[in-house]
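Undergrad: Just need the structure, nothing else, for what follows:
(chains A and B)
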Amino acid sequence: MNLSIALVGNPNSGKTTLFNQLTGSNQKVGNLPGVTIESKEGLVKGHKGVRVVDLPGIYSLAPYSVEEVVARDYIVKQKPDVIVNIVDATNIERNLYLTLQLMELETPMVIALNMMDEVRNNGVFIDLQQLKEALSVPVIPISASKNEGIHDLIHSAIETGEKRLLPKKIDFCAGPVHNAIHSISHLIENEAKAADLPLRYAATKTVEGDELIMDELKLQEPERDIIQHIVDDMEVHLETDREAAMADMRYCFIEELTNQVLKRIGESKEHRRSVKIDEILTHKYLALPIFLGIMLLIFWLTFGLVGSWLSDLLAMGIDHVTAITDAALSSTNINPALHSLIIDGIFAGVGSVLSFLPIITILFFLLSIMEDSGYVPRVAFFMDKLLRKLGLSGRSIVPLLLGFGCSVPAIMATRTLPSKRDRYMTILLVPFMSCSAKLPIYAMFTAAFFEDHQALVMFSLYILGILVSIVCALLLKSTIFSGKPVPFVMVLPNYRMPVLKSVWLRMWENIVGFIQRAFTIIFFATIVIWLLQSFDLGLNMVENSSESMLASIGVLAVPIFTPLGFGDWGAATALITGLSAKEAVVSTFAILMNAPDSAALPAMMSEIFTPLTAFVFLVFCLLYMPCVAALAAVRREMNSLWGALGVVFFQTGVAWIVAFIVYNIGKLIL
Amino acid sequence: MDLINLKESTKQHKSKKDHGSEHGHGHDHEHGHGHKHRHGLKLEHGHKHEHKHEHSHRHKHGFAQNHGRGMTLDMLKPGEKARIRNVGGEKALRRHLLDMGLTPNTLVMVRKVAPLGDPIELYLRNFELTLRKEDARHIGIEEVAK
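TA: Predicted structure coming up:
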């Protein structure tokens, strides 16, 4: 058997949960044809040859949203054998609006009526038989989160697909709209056939004034005129315009249908509960403090309590493996260069990055819970006004806050933002949030130079990062991202208990992505840095890294840093190695200065830095280009190498300018 | 907030299609004229909508515009209900609002205003939707008895 299923439905209708139930871990992430919108594809468990594609969550098939155009084009052009339309039974009106449009695509279709457990628990009765007859489409009650009805759904989908059972054309509209669709159907019959578009779909979209479809139909001037006449007539009769008329007709049909098939007793428990929870979580005065509290808790769990413990444990494990390998290599009398490559290059580099894995795992676990619970849209809701002043929307708040932990998951989290403009702008600002890997640098420098004001100096760096990001946001907003911010029309779904399986799968996906990066780009980068660090320009292996190529490059970079007050090759070299991971700045100083132990390091630092230049150096560390792991994430999320290079120049440029200003103001004051 | 009440009052008013009354000048549709029909007031999204057929007579969205008269959705206070008269605004946003069920004659309630005064949270058709005030200004409403 060879059958393809397209999974379509509203956001928050349980689509991803259903997809996970259908495929298990048997799924892969890919881009939809021709666009960079991500979709997942998987094989249905227990049914060989049955593929399912998870299309983006959408509310309609309008021509203005990329997701909606991608979804409709996928169905019309890729021609899946059957559509599984997932409908949230607790929100049946809004969900059926999409269903009515999907039915016009002349593709076999099955409705998966999800969240039936909630419906039943609330004493709501849905007449499935009547719904099925009215829509002429199989309706299968399921509960994706409880794994109920999935079996029936697959069987119905396979049967419908194999027998090519098409939904009947239903007359959801009467009067002038009906007449207009009817007349236009006749008029464009040949064009629709030539363009390989379903006739009914082409006709309703033409009535709506959908330019994309009208262009695809290659309508000639006389036809366009006739269509315009028909539509004008309809608009006059209905005293409304074409788009409102169609939307109104669909909703009227749905209202009548739901009045017949739905017996409601009252508002659902889940909805009442959501409203109650929101009375606290989006409360006028409590909303912000609670949100900050939740974020602090997440940070504490991730970077403090559990995360650091696990990270240390993993680092110990890696050290152990490194030591064993080291010993094994020594005993085999292997070439010292190769030995150094493996131990000092690969093991040290990849190992230091891998030790971030527990932090990333825990962070994504907690964030997945936050996301699946329905809290994130609420945060976006009450933060929107603040962020809009910066040209962003409320939804950018989560990635920005994550940036204080680690830029990598923060940049990955921008994926949830609906507009490309917001996504790019947020990615550019995230690295200004001082990430936790910079803490060791701050710790070393403040211990050496600002012993009495350690906390104050660290705090000032965090604040400076935020201030710089605000200034940059305002600059970006009025220059390259001058477009209008996207409207903020967002559904607030009911709060729900997160489904463990979905949380786990999402976490797993991110872990796999991170490990893949660790063994590709970071692997490569650490080898390059090792090469530069271990050889001189004559390609002889060096004993002391001060003679290495890296040091030579550091010397070349000195003039860049001289105006900032730390024109020292060691500082320059440390900044370069910091690109592999920011903590490497500290270890580089340790190596270059030949410090006997880490305690002796601060004293030796004062040979290079004055307190002022030390602070300027910290400012530069705070702001300059992110580490390779973060850049790899940028490249992936922007889907462009140029984008990542843009980030490099943007961040480093900003860092230099701010450091220069701080240095010169400092010189004036001190 | 009682769902049933909202539902029933939607039904009661369904038959009463009265949203044209304020926009009477949309009716004087002049056939055969070479120029476009224009209102005295500036159309806020009409200009993008005019495709290649400059010569064809038309009256774009005359009914769907909020003419600056009457109540708009941003004026409602939390807990207040209203019935939608018309939906305006930029083309893509307007269509999205219609798609989300903000169609004429639908009953909406303002659930709450965000802590910083914007956006607002609406309740309609049994779900909650957020909207910025500047976008809510394009939605004409009439208040319903409390």
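
Undergrad: Look at residue 108 and say how many residues are nearby.
TA: Using chain A here. 22 (other C-beta atoms under 10 Å in any protein chain shown). C-beta coordinates here come from the backbone N, C-alpha and C atoms, glycine included.

Undergrad: wrong chain, I was asking about chain B
TA: Counted with other C-beta under 10 Å, the burial measure for B:Val108 works out to 26 neighbours.

Undergrad: Might you list the low-confidence residue ranges for chain B?
TA: Across chain B, the stretches falling below the confidence threshold (pLDDT under 70) are B:1-69, B:145-146.

Undergrad: Do you have the strands of it handy? List them.
TA: Residue ranges of the strands in chain B, as given by DSSP state E, are B:71-72, B:81-87, B:107-113, B:120-124, B:127-131, B:139-143.

Undergrad: To A:Lys484, which of those lies closest?
TA: strand B:127-131 (15.6 Å; C-beta to C-beta).

Undergrad: The closest one close to chain A?
TA: Yes. If you take C-beta under 8 Å from any C-beta of the partner chain as the test, strand B:127-131 does meet chain A, through B:Phe127, B:Glu128, B:Leu129, B:Thr130, B:Leu131.

Undergrad: Among the strands of chain B, single out whichever gets nearest to A:Pro559.
TA: A:Pro559 sits nearest to strand B:127-131 of all these, at 52.2 Å, using C-beta to C-beta.

Undergrad: rewinding a little: which one of the residues of strand B:127-131 next to chain A sits closest to B:Gly88?
TA: Nearest to B:Gly88 among the residues of strand B:127-131 next to chain A is B:Leu131, at 13.2 Å by C-beta to C-beta.

Undergrad: ok, which residues in the stretch 51-200 of chain A are in contact with chain B?
TA: Taking C-beta under 8 Å from any C-beta as the measure of proximity, the stretch 51-200 of chain A contacts chain B at A:Tyr59, A:Ser60, A:Ala62, A:Tyr64, A:Ser65, A:Thr90, A:Asn91, A:Glu93, A:Arg94, A:Tyr97.

Undergrad: With the stretch 251-400 of chain A instead?
TA: Neighbours of chain B within the stretch 251-400 of chain A, by C-beta under 8 Å from any C-beta: A:251-252, A:255, A:259, A:264, A:266-267, A:271, A:274-275, A:278, A:282-285, A:287-288, A:377, A:380-382, A:384-386, A:388, A:394.

Undergrad: List the ones among these that fall in strands.
TA: Taking DSSP E as the definition of strands, those contribute nothing to them.

Undergrad: Going through the residues you listed, which ones are buried?
TA: Among these, those that count as buried by neighbour count (16 or more other C-beta atoms under 10 Å in any protein chain shown) are A:251-252, A:255, A:264, A:267, A:271, A:274-275, A:278, A:282, A:287-288, A:377, A:380-382, A:384-386, A:388, A:394.

Undergrad: Now for A:Thr610: which residues touch it?
TA: Contacts here follow C-beta atoms under 8 Å, 6 or more residues apart in numbering or on different chains; on that basis A:Thr610 touches A:Gly565.

Undergrad: ok, which stretches of the stretch 151-300 of chain A are strands?
TA: Assignment of strands within the stretch 151-300 of chain A using DSSP state E, counting those that start in this stretch yields the ranges A:262-263.

Undergrad: Could you list the low-pLDDT ranges of it?
TA: The stretch 151-300 of chain A contains residues with pLDDT under 70 at A:265-266.

Undergrad: A:Met1 and A:Val50: what is the separation?
TA: A:Met1 is 7 Å from A:Val50, where distance means C-beta to C-beta, to the nearest Å.

Undergrad: any idea how far the helix or strand hosting A:Trp642 is from the chain center?
TA: Assigned by DSSP states H and E, A:Trp642 belongs to helix A:641-669. Once both centres are worked out by C-alpha atoms, centre = their mean, to the nearest Å, helix A:641-669 turns out to sit 27 Å from its chain's centre.

Undergrad: And stretch A:120-127, by the same measure?
TA: 36 Å.

Undergrad: Just the buried positions in it, please.
TA: For stretch A:120-127, the neighbour count (16+ other C-beta under 10 Å) marks A:Asn122, A:Val124, A:Ile126 as buried.

Undergrad: From start to finish, how long is it in a straight line?
TA: Using C-alpha to C-alpha, to the nearest Å, the end-to-end distance of stretch A:120-127 comes to 12 Å.

Undergrad: Contacts for that stretch, please.
TA: So stretch A:120-127 is contacted by A:89, A:92, A:113, A:116, A:119, A:141, A:260-266, A:268-270 (C-beta under 8 Å, 6+ apart).

Undergrad: give me that answer again for 6 Å
TA: Residues external to stretch A:120-127 that are found in contact with it (C-beta atoms under 6 Å, 6 or more residues apart in numbering or on different chains): A:Val261, A:Leu262, A:Lys263, A:Arg264, A:Ile265, A:Ser268, A:Lys269.

Undergrad: neighbour-wise, which of these leads?
TA: A:Ser268 (22 neighbours).

Undergrad: Could you find the closest non-adjacent residue to that one?
TA: If you skip the residues right next to it in sequence, A:Ser268 has A:Asn122 as its closest partner in space, 4.4 Å away by C-beta to C-beta, 6 or more residues apart in numbering or on different chains.

Undergrad: Tell me the secondary structure at the residue nearest in space to the middle of chain A.
TA: Closest to where the C-alpha atoms of chain A average out (C-alpha atoms, centre = their mean) is A:Arg415, at 1.8 Å. For A:Arg415, the secondary structure call by DSSP: H, G, I helix; E, B strand; the rest coil comes out as helix.

Undergrad: Got the confidence number for it?
TA: According to the predicted model, the pLDDT of A:Arg415 comes to 76.

Undergrad: Same check on A:Ala633?
TA: At A:Ala633, the model reports a pLDDT of 85.

Undergrad: Would you mind measuring from the residue nearest to it when sequence neighbours are not counted to A:Arg635?
TA: Spatial nearest neighbour of A:Ala633, excluding adjacent residues (C-beta to C-beta, 6+ apart): A:Ile411 at 4.2 Å. Counting by C-beta to C-beta, the gap from A:Ile411 to A:Arg635 is 10 Å.

Undergrad: which of those two has more neighbours?
TA: The neighbour comparison of A:Ile411 against A:Arg635 (other C-beta under 10 Å) goes to A:Ile411, with 29 against 19.

Undergrad: Helix, strand or coil: sort out that one for me.
TA: With three-state DSSP as the criterion, A:Ile411 was assigned helix.

Undergrad: which residues sit in contact with it?
TA: If you count contacts by C-beta under 6 Å, 6+ apart, A:Ile411 has them with A:Ile427, A:Val430, A:Ala633, A:Val634, A:Glu637.

Undergrad: likewise A:Leu281?
TA: Neighbour list for A:Leu281: A:Arg378 [criterion: C-beta under 6 Å, 6+ apart].
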